[in-house]
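**Student:** Task: produce atomic coordinates for the following.
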Amino acid sequence: MYKLLPILLFAYGLALTTDDIYDNSYALIIGIDKYENVSNLDYAVKDANSITTLLKDNFNFPSQNIKTLLNNEATYSNVRNSLGEISISAKENDRVLIFFAGHGQTMDLPDGGEMGYLLPVDGNKDNLFATSILMDDLKKISSMSKAKHMLFLIDACYGGLAATGSRGLSSTTPNYIDKITNDKSRQIITAGGRGEKVIEKAEWGHSAFTLNLNRGLKDGNADLNADNVITANELALYLKEKVTIDSDNQQTPQYGRMTTQEGEFVFVYPIDLLSKFSLPSSSGKIKRHEIAILDFESIGIGLDEVKVLTKRLTSEIISLDIYKVLDLSLLNRRLRKQNYEYSVCSTSSCAMDIGKLIGVKYVVVGSISKIGETYSVDSRMIDVESEESFLTANYTTQESIDDIITRGAESISYQLCNMEVPKPKPPTIFERINIHKGKIFLTWLTLWLGWGLLPA
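**Tutor:** Numbering: from 1, shown residues only. Alright, predicted model coming up:
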């Protein structure tokens, strides 16, 4: 590994960084779940917090330059004051990002056309002009700022997009990066248009928009031309496709420019070479770490059930798009080339041997057991280089093996990806009736018999 260090340092020195483009970065993050005058949302605050973490941890936004307004902090006056403050604070070579997760509303104009609003926590849809943030005001605020680039990410659906068009330079333009990073820009991406609803799901723990915003930026999936720079235009194209799919065509993100300037707000994909020891791929895009998931050890459980669990866990981890998961058949082919045979691998030493033979960063091992009526899954991800357990995961249930294969595999996958496990959706009234149908029948029978025994 240490022989790679000079190469890594050289590559790191040549790579484009945020400091090459911006002097400073500012962000205003707003998330509102609990409204005073309109219906509540479920995940707007969580969405806002996830974007705050993403900007700090992945894209060099200083903590002191990020202002977050959540729920009752996001009043009409606080939002407007904060927009004014951040627009004035940014200098000529800085960038500003505004993120809003909450309700949007559209007002029809008497002579045709429409006007869009963002609702603060005290906003009233019956008096939008006096209580809510007019979308055209965002354009006015952006024109007040000296900032080189401003990007508005609006996780709300409404009409009246405050934009003039979406024209920009092609990525094939000579000196493309230099041109788009030097020219000014004012851009906006919204979660959807008029008549569409923001889709939130408990299984995501986010809205469709912020879910894919995190996916697109955190892992570089929105870097469509693989140059390690994600432009606002690339992000918009990525979100338009992914959100439309995830929401089952119920919402489609909208993109536009507030001015005719052709610059681009950019996210430089983080190349943390010294800590992760990852080299650029031939396409120029950073590789995700490759992992192998080995068949779990069986304790009181049939081998067929264990194999099903392993396959289901593999599918769940692949769907989270955090690691590059080595296909089981390819894993076995690599091992056969090394004349290595194994049935079950549950120890760290065995996992490290296999990991080194097949050349992966991490190996997942574990066991599934049944003691009495309790099923348990215990798993850990082992770092092949450091020979240490990198992450652990467990799941216990007294329901059935089916619960292990469905909810258990999902829970383990989230834990191994170091992500918060989604909370299960509460049962519907019909599901609750079905669960308690025995008690309901006995109660009804008792009342019926008791009524029949009463004197006439």
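**Student:** alpha carbons only for contacts and neighbour counts from here, please
**Tutor:** OK.
**Student:** if I read this right, Cys157 contacts Ser207, doesn't it?
**Tutor:** No - counting by C-alpha atoms under 8 Å, Cys157 does not reach Ser207; the two are 11.8 Å apart.
**Student:** can you list residues touching both of the two?
**Tutor:** Contact criterion C-alpha atoms under 8 Å, 6 or more residues apart in numbering; residues shared by Cys157 and Ser207: Val198.
**Student:** Toward the C-terminus, what is the element adjacent to the worst-scoring helix or strand of the chain on mean pLDDT?
**Tutor:** Each helix and strand of the chain was given a mean pLDDT (mean pLDDT, DSSP states H and E); the minimum falls on helix 273-276 at a mean of 39. Remark: after helix 273-276, the chain's next helix or strand is strand 290-293, criterion DSSP states H and E.
**Student:** For the helix or strand just after that next one, buried residues please.
**Tutor:** Later in the chain than strand 290-293, the nearest helix or strand by DSSP H and E is strand 297-299. Using 16 or more other C-alpha atoms under 10 Å as the burial criterion, the residues of strand 297-299 that qualify are Glu297, Ser298.
**Student:** go on, stretch 360-374?
**Tutor:** Buried residues in stretch 360-374, defined by neighbour count with 16+ other C-alpha under 10 Å: Val360, Lys361, Tyr362, Val363, Val364, Val365, Gly366, Ser367, Ile368, Ser369, Lys370.
**Student:** and of those residues, the nearest to Asn93?
**Tutor:** Distance to Asn93 across those (C-alpha to C-alpha) is lowest for Lys361, with 38.9 Å.
**Student:** Quick check: the gap between that closest one and Cys417.
**Tutor:** Distance of Lys361 to Cys417, given as C-alpha to C-alpha, to the nearest Å: 14 Å.
**Student:** which stretches of the protein aren't confidently modelled?
**Tutor:** Across the chain, residues meeting the criterion (pLDDT under 70) sit at 1-16, 158-176, 226, 270-288, 327-344, 346, 423-441, 444-445, 448-456.
**Student:** Could you chop it up by domain?
**Tutor:** Domain ranges of the chain: 15-268, 290-416, per automatic domain parsing.
**Student:** Around the residue lying closest to Val384 once chain neighbours are set aside, how many other residues sit close by?
**Tutor:** Using C-alpha to C-alpha, 6 or more residues apart in numbering and skipping residues adjacent in sequence, the residue nearest Val384 is Met352, 5.1 Å away. By other C-alpha atoms under 10 Å, 22 other residues sit near Met352.
**Student:** buried set for the stretch of helix or strand Met352 belongs to?
**Tutor:** Counting by DSSP H and E, the element that carries Met352 is helix 348-358. If you call a residue buried by 16+ other C-alpha under 10 Å, then helix 348-358 has these buried ones: Ser348, Ala351, Met352, Ile354, Gly355, Ile358.
**Student:** After it, which helix or strand is next?
**Tutor:** Once the chain leaves helix 348-358, the next helix or strand it forms, by DSSP H and E, is strand 362-371.
**Student:** elements contacting whichever helix or strand comes after that next one?
**Tutor:** Counting by DSSP H and E, the next helix or strand C-terminal to strand 362-371 is strand 374-383. Using 3 or more C-alpha pairs under 8 Å, 6 or more residues apart in numbering; DSSP states H and E, the elements in contact with strand 374-383 are helix 348-358, strand 362-371, strand 388-397, helix 409-416.
**Student:** Go ahead and measure how far stretch 74-91 is from the middle of the chain.
**Tutor:** Chain-centre distance of stretch 74-91: 26 Å, with C-alpha atoms, centre = their mean, to the nearest Å.
**Student:** Next: stretch 352-367.
**Tutor:** Put simply, stretch 352-367 sits 27 Å off its chain's centre (C-alpha atoms, centre = their mean).
**Student:** got the angle for the helix holding Met352 vs strand 374-383?
**Tutor:** If you take axes from the mean of the first three to the mean of the last three C-alpha atoms, to 10 degrees, helix 348-358 sits at 50 degrees to strand 374-383.
**Student:** helices and strands around helix 348-358, which ones?
**Tutor:** helix 328-337, strand 362-371, strand 374-383.
**Student:** Sheet partners, orientation included, of the last one?
**Tutor:** Okay, so that is strand 374-383. Strands adjacent to strand 374-383 in the sheet, as given by DSSP bridges, are strand 362-371 (antiparallel), strand 388-397 (antiparallel).
**Student:** Tell me the gap between it and the middle of its chain.
**Tutor:** 25 Å.
**Student:** between it and helix 409-416, how many degrees?
**Tutor:** Using the same axes, to 10 degrees: strand 374-383 against helix 409-416 is 30 degrees.
**Student:** export strand 374-383 as PDB, just CAs?
**Tutor:** What follows is strand 374-383, C-alpha atoms only, in PDB (Å, rounded to 0.1, in the frame of the first residue of the first chain):
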ATOM      1  CA  THR A 374     -35.800 -16.300  18.500                       C
ATOM      2  CA  TYR A 375     -34.100 -15.700  15.100                       C
ATOM      3  CA  SER A 376     -30.900 -13.600  15.100                       C
ATOM      4  CA  VAL A 377     -28.500 -12.300  12.500                       C
ATOM      5  CA  ASP A 378     -25.100 -11.000  13.400                       C
ATOM      6  CA  SER A 379     -22.800  -9.500  10.800                       C
ATOM      7  CA  ARG A 380     -19.700  -7.500  10.500                       C
ATOM      8  CA  MET A 381     -17.700  -5.800   7.700                       C
ATOM      9  CA  ILE A 382     -14.000  -6.500   7.900                       C
ATOM     10  CA  ASP A 383     -11.300  -4.100   6.500                       C
END
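**Student:** Begin at 54, not 1, for the rest of this chat.
**Tutor:** Sure, I'll start numbering at 54, so the last one becomes strand 427-436.
**Student:** Only the buried residues of that strand, if you could.
**Tutor:** For strand 427-436, burial by neighbour count (16+ other C-alpha under 10 Å) applies to Tyr428, Ser429, Val430, Asp431, Ser432, Arg433, Met434, Ile435, Asp436.
**Student:** what's the most distant pair in those residues?
**Tutor:** Most distant of the buried residues of strand 427-436, by C-alpha to C-alpha, are Tyr428 and Asp436, 26.9 Å apart.
**Student:** which stretches of the stretch 104-253 of the chain form helices?
**Tutor:** Assigned by DSSP state H, counting those that start in this stretch, the helices in the stretch 104-253 of the chain fall at 129-142, 181-184, 188-197, 229-235.
**Student:** Can you say which of the helices and strands packed on strand 427-436 is nearest to Ile298?
**Tutor:** helix 462-469 (20.9 Å).
**Student:** what's around Ser300, how many residues?
**Tutor:** Neighbours of Ser300 (other C-alpha under 10 Å): 18.
**Student:** Let me know the closest of the buried residues of strand 427-436 to Ile230.
**Tutor:** With C-alpha to C-alpha as the yardstick, the closest approach to Ile230 among the buried residues of strand 427-436 comes from Asp436, at 36.6 Å.
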